[in-house]
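# any chance you could fold what I've pasted below:
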Amino acid sequence: MKRKSIYWFILLALVPYACKEKYMPNVKSTLKGYLVVEGFINAGGGTTSIQLSRTTGLDSIYFHTEPGAQVSVQSDNGLDFPLTEQADGKYILDGFTADPSRQYRLHIHTSEGKDYLSEFSQAKTTPPIDSVSWKTTSDDLNIYVTTHDPQKNTLYYQWTYKETWIYRTPYESDYIYEHDSVKIRPYDQLLPQTCWGTDSSNRILVGSSAKLTDDLIYEFPMTSIPFTLNNKLFSRYSILVKQFALTKDWYDWKQKVKKNTEQLGTIFDPQPSETGGNFTCVNDPSEPVIGFVGCTTETEKRIFIERAEIYNITQHIPSGFEDCGQVSIKNNPDSIGGLFDIGFWLITGIVPGPGPSHIDRVLGSAARCADCRLSGGSPDKPAFW
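Sure, this is the predicted structure:
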């Protein structure tokens, strides 16, 4: 869940409003500064990552991180596992493995001297993902996840995903314009043509088998990729799906947050509700604390989709560089100086003229058409690729 969504649902939940009569809410200053806790206790030896921040007012688009806190995982037998502070209000603990017979909670001691405790929670064990599959329509490709628990101990599930895809610019830039002349680009200034783009889930994806005979989730929809709106499927695409087992109260809390953050918009949509969480401020129990931290393991599965696998279904997948073209300019300072000096355009080729080393014309294109980083990706090849 994105932080901005969290803040909006908090403020909407706390500010009453009417449907038919004009209402001017008396927004109190105490709406600002509530502690927001995001993350979960990773019980399977992975990384526990906790993000701390503070709510802001309705007139602010910013969030405030919470640095300088002391954060630890506590067990019901008195053991304490401290987290290490990172940048921007993030705290991590690596290698923690929960004892399935114990219960765990999160303790937060802020720099202002306040203490916050989550409720004790039994460590959940997440079953493996059976499959990540995909189907196509004439317009898009849809991705699904299937899982089950033969022991019928899970019942409540959550998923997140991260997408990765490769893309290439249509041009390269082997020349630079420097000191009123065109020169070969130095090796240490070469620009990458191949990058990998990434995107992550931004919705709360939860499902339950509690009302079914079997503890089975079959083809739960993860995401839909339109063929014509992005270049994710142009060459090669990968998605990593992570799965988490939830307790019922944890699941119910996420359902409330989901309704408040994703389904608001008209009077026919579910209205904002007080979601609370499982945290208490020890110093002032009446102080609201936003967040629910449970203890669970995670499982994951990755798949790849090649362009060739869907080529017979659709050939209309954009490269992302349809607007890229080249201009041809006479090679003289008056013609090309203003275009290539400022960096918005790059030299993508030359047309030789008569005589040795003579350049008659210079070819150019927008910078993003020759430097893949300018489209948001990274030239560093992922280890799994």
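# contacts for the helix or strand hosting Leu106, please.
Following DSSP states H and E, one finds Leu106 within strand 103-109. The contact list for strand 103-109 (CB atoms under 8 Å, 6 or more residues apart in numbering) reads 35, 37, 41, 43, 50, 52, 69-76, 80, 98, 115-123, 279, 293, 295. Heads up, the C-betas are built off the backbone N, CA and C, glycines and all.
# now for Tyr116: which residues touch it?
Contact partners of Tyr116, counting by CB under 8 Å, 6+ apart, are Leu35, Val37, His107, Ile108, His109, Thr110, Phe279, Thr280, Cys281, Val282, Val289.
# narrow those residues to just the buried residues.
Buried subset of the contacts of Tyr116 (neighbour count, 16 or more other CB atoms under 10 Å): Leu35, Val37, His107, Ile108, Thr110, Phe279, Thr280, Cys281, Val289.
# can you say which of the contacts of strand 103-109 are buried?
Buried members of these, counted by 16+ other CB under 10 Å: 35, 37, 41, 43, 50, 52, 69, 71-75, 98, 116-118, 121-123, 279, 293, 295.
# what about those residues, which are in strands?
Among the buried ones among the contacts of strand 103-109, the members falling in strands (DSSP state E) are 35, 37, 41, 50, 52, 71-75, 116-118, 121-122, 279, 295.
# before we move on, back to that, distance from the strand holding Leu106 to the middle of the chain?
Remark: strand 103-109 is offset 25 Å from the chain centroid, using CA atoms, centre = their mean, to the nearest Å.
# equivalent analysis for stretch 102-119, please.
When distances are taken as CA atoms, centre = their mean, stretch 102-119 is centred 26 Å away from the chain's centroid.
# export only the CA atoms of it, formatted as CSV.
Written as CSV, here are the backbone C-alpha positions of stretch 102-119 (Å, rounded to 0.1, in the frame of the first residue of the first chain):
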residue,chain,number,x,y,z
ARG,A,102,5.7,-18.4,20.4
GLN,A,103,3.9,-15.1,19.8
TYR,A,104,5.6,-11.9,18.6
ARG,A,105,4.9,-8.2,18.6
LEU,A,106,6.6,-4.9,17.5
HIS,A,107,7.9,-2.4,20.1
ILE,A,108,8.6,1.2,19.0
HIS,A,109,10.3,3.8,21.2
THR,A,110,10.4,7.2,19.4
SER,A,111,12.9,10.0,19.8
GLU,A,112,10.2,11.9,21.6
GLY,A,113,10.1,9.2,24.4
LYS,A,114,6.8,7.6,23.4
ASP,A,115,6.4,3.8,23.3
TYR,A,116,4.1,1.9,21.0
LEU,A,117,3.3,-1.8,21.1
SER,A,118,1.5,-4.0,18.6
GLU,A,119,-0.6,-6.9,19.9
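# closest one to Arg361 out of the contacts of Tyr116, please.
Taking CB to CB as the measure, Arg361 lies nearest Val37 of the contacts of Tyr116, at 60.8 Å.
# and the closest residue to the closest one other than its chain neighbours, how far is that from Thr65?
Nearest residue to Val37 in three dimensions, chain neighbours excluded: Gly291, at 3.1 Å (CB to CB, 6 or more residues apart in numbering). Plainly put, Gly291 is 14 Å away from Thr65 if you go by CB to CB, to the nearest Å.
# run through the bridge partners of Ser131.
Ser131 forms beta bridges with Thr146, as assigned by DSSP bridges.
# residues contacting it?
With contacts defined as CB under 8 Å, 6+ apart, Ser131 is in contact with Val145, Thr146, Lys301.
# redo those residues as CSV? Include neighbour count.
Shown next, in CSV, are the contacts of Ser131 (neighbours: other CB atoms under 10 Å):
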residue, neighbour count
Val145, 25
Thr146, 14
Lys301, 16
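# give the rounded mean pLDDT of the lengthiest helix in the chain.
Determined from DSSP state H, the single longest helix within the chain is helix 248-262. The average pLDDT within helix 248-262 is 91.
# over to stretch 223-237?
Average pLDDT, stretch 223-237: 94.
# what helix or strand does the residue lying closest to Leu141 once chain neighbours are set aside sit in?
Using CB to CB, 6+ apart and skipping the chain neighbours, the partner closest in space to Leu141 is Ile225 (4.7 Å). Using DSSP H and E, Ile225 maps to strand 216-226.
# OK, contacts around Gln74?
With contacts defined as CB under 8 Å, 6+ apart, Gln74 is in contact with Asp80, Phe81, Tyr104, Arg105, Leu106, His107.
# low pLDDT regions in the stretch 1-150 of the chain?
1-32, 57-63 (pLDDT under 70).
# where exactly do the helices run in it?
For the stretch 1-150 of the chain, the helices defined by DSSP state H, counting those that start in this stretch cover 3-14.
# next, count neighbours for Asp149.
By other CB atoms under 10 Å, 19 other residues sit near Asp149.
# give me phi/psi at it?
Main-chain torsions, Asp149, degrees, to the nearest 10: phi -130, psi 110.
# hmm, it is touching Leu212, no?
No. Asp149 is not in contact with Leu212 according to CB atoms under 8 Å; the separation is 11.3 Å.
# now the spatially most central residue of the chain: how far from Ser133?
The chain has Ser200 as the residue nearest its centroid, 3.4 Å off, counting by CA atoms, centre = their mean. Applying CB to CB, the value for Ser200 to Ser133 is 20 Å.
# avg pLDDT for the longest strand along the chain?
Ranked by residue count under DSSP E, the longest strand found in the chain is strand 156-168. Mean per-residue pLDDT for strand 156-168: 98.
# any weak-confidence spans in the stretch 251-385 of the chain?
Flagging of the stretch 251-385 of the chain using pLDDT under 70 yields the residue ranges 263-275, 314, 342, 355-357.
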